[in-house]
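Trainee: need the 3D shape of this:
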Amino acid sequence: MVLNSQNLVALFKEQLLSWEQARSNYKALENVLVKDVNVGGFPFKVQFNPARIVSSSAKVDAKSIQERKCFLCKENRPEVQKGLDFVYNKERENSYTVLINPFPIFPKHLTIPVDTHTEQLIGGRIGAMLALAKELPDYTLFYNGPKCGASAPDHFHFQAGNRGFLTIEQELHKLDREELLINERVRVSAINSVFNGLLAIESKEREIAEELFEKVFAVLPLKESEAEPMVNILCWYCNETYTILLYIREKHRPSHYFAQGGSNILLSPASVDLGGVFITPLEKDFNKLDANLIREILNEVCISKEESRHIINKIKAVL
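Mentor: Numbers count the residues shown, from 1 in each chain. Below is the predicted model:
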């Protein structure tokens, strides 16, 4: 079946009836603990979600990936897992399958892998992300870079969760901005907030949003031995406008992830965390996380203010 709103509703209904693991994990979401934490005026939520330990503790080094089967390839997915087809530009390399994520964060959580086994690299695929956002207007799309929270960096995929869940969606219009480009067709801004290196691209025209994203992405710093700049991306379509949020990263995991004993926090921040909802699979970490720890983690994984300033100046030069 092809992707449309009616088929997606039917897919969720069928999968939660036929797939015990998915049904159990979605049911468990009703009882997850959530607390509010304000960090520098920005409202975060912290969720205690034990099922997400599969993702938070995923081994993503080359050796571990080589030794396991790719769980996003069709031949390795559970037989019970069904999906909907989405083809962008009628090209095989842009053919995707929309799946129900069996380890949800959102009440409606999708994983959207490309049908060919290819690396998690966003270059040339932002157009498909924007097209999916329009096809899924009730969802926020997100992309985790290969060392920015992706638990399957060997197989390209997007994810999506129902709109209104991430606090950045409601807060974005309140945040102070530095306008980098603004006219009747597009707005490109640097967002001044608790996140360093957060950029927003907004346009009613998909082709313009795609073109500007590629221009911005091309000037981002590339670390040695990395295939692409370290980024997380959120994307949605609302009021006939495409919004892309681009978070520029400094590192994969904070020092707290590797700390020993009581200082350890099993948290590998990705798009959802940077979108305002921190996911903790261990109750001790849920209880521990406060404004100071969240700020420490953000300061470690996001770029510095100085680096952000440098990148903004480079972006201005190409827009």
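Trainee: okay, CA-based contacts and neighbour counts for the rest of this
Mentor: OK.
Trainee: residue ranges in the stretch 51-200 of the chain under the pLDDT threshold?
Mentor: Per-residue confidence of the stretch 51-200 of the chain (counting by pLDDT under 70) places the weak regions at 53-65, 90-93.
Trainee: please repeat the previous calculation with a cut-off of 50.
Mentor: Scanning the stretch 51-200 of the chain with the threshold set as pLDDT under 50 gives 57.
Trainee: for it, which segments count as helices?
Mentor: Counting by DSSP state H, counting those that start in this stretch, one finds helices in the stretch 51-200 of the chain at the ranges 53-56, 62-66, 126-135, 167-171.
Trainee: buried ones in the third one, by neighbour count?
Mentor: Across helix 126-135, burial judged by 16 or more other CA atoms under 10 Å covers 126-135.
Trainee: how far away is residue 303 from residue 238?
Mentor: Noted for residue 303: a distance of 29 Å to residue 238, by CA to CA, to the nearest Å.
Trainee: between the two, which one's more packed in?
Mentor: Remark: of residue 303 and residue 238, residue 303 carries more neighbours, 21 against 15, as counted by other CA atoms under 10 Å.
Trainee: next, count neighbours for the closest residue to residue 282 other than its chain neighbours.
Mentor: For residue 282, the nearest residue in space outside its immediate sequence neighbours is residue 50; the separation is 6.2 Å by CA to CA, 6 or more residues apart in numbering. Burial measure for residue 50: 18 neighbouring residues, criterion other CA under 10 Å.
Trainee: same check, this time on residue 317
Mentor: Neighbouring residues of residue 317 were enumerated by other CA under 10 Å; the total is 10.
Trainee: part of a helix, is it?
Mentor: Yes - the assignment for residue 317 is a helix, going by DSSP: H, G, I helix; E, B strand; the rest coil.
Trainee: so who does it touch?
Mentor: Contact criterion CA atoms under 8 Å, 6 or more residues apart in numbering gives no residues in contact with residue 317.
Trainee: which neighbours does the stretch of helix or strand residue 37 belongs to have in its sheet, and in what orientation?
Mentor: Secondary structure here is read from DSSP states H and E; on that basis residue 37 sits in strand 33-39. Note on strand 33-39: by DSSP bridges, its sheet partners are strand 42-48 (antiparallel).
Trainee: what mean pLDDT does the strand it pairs with have?
Mentor: Taken as a whole, strand 42-48 has an average pLDDT of 96.
Trainee: for it, the distance to its chain's centre please.
Mentor: Its chain's average C-alpha position is 16 Å from that of strand 42-48, according to CA atoms, centre = their mean, to the nearest Å.
Trainee: quick check: residue 169 vs residue 180, distance?
Mentor: 21 Å.
Trainee: those two: which is more packed in?
Mentor: Each of residue 169 and residue 180 has its neighbours counted (other CA under 10 Å); residue 180 has more, 18 against 15.
Trainee: go ahead and confirm the more buried one touches residue 199.
Mentor: No - look at residue 180 against residue 199 with CA atoms under 8 Å: they stay out of range, at 9.6 Å.
Trainee: quick check: neighbours shared by the two?
Mentor: When contacts are counted by CA under 8 Å, 6+ apart, the set common to residue 180 and residue 199 consists of 188-190.
Trainee: as a markdown table, those residues with distance to residue 297 and neighbour count would be great.
Mentor: Listed next are the shared contacts of residue 180 and residue 199 as a markdown table, based on distance: CA to CA, whole Å; neighbours: other CA atoms under 10 Å:
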| residue | distance to residue 297 | neighbour count |
| --- | --- | --- |
| 188 | 26 | 26 |
| 189 | 24 | 19 |
| 190 | 21 | 22 |
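Trainee: in a strand, residue 30, correct?
Mentor: No - secondary structure of residue 30, determined by three-state DSSP: helix, with no strand assignment.
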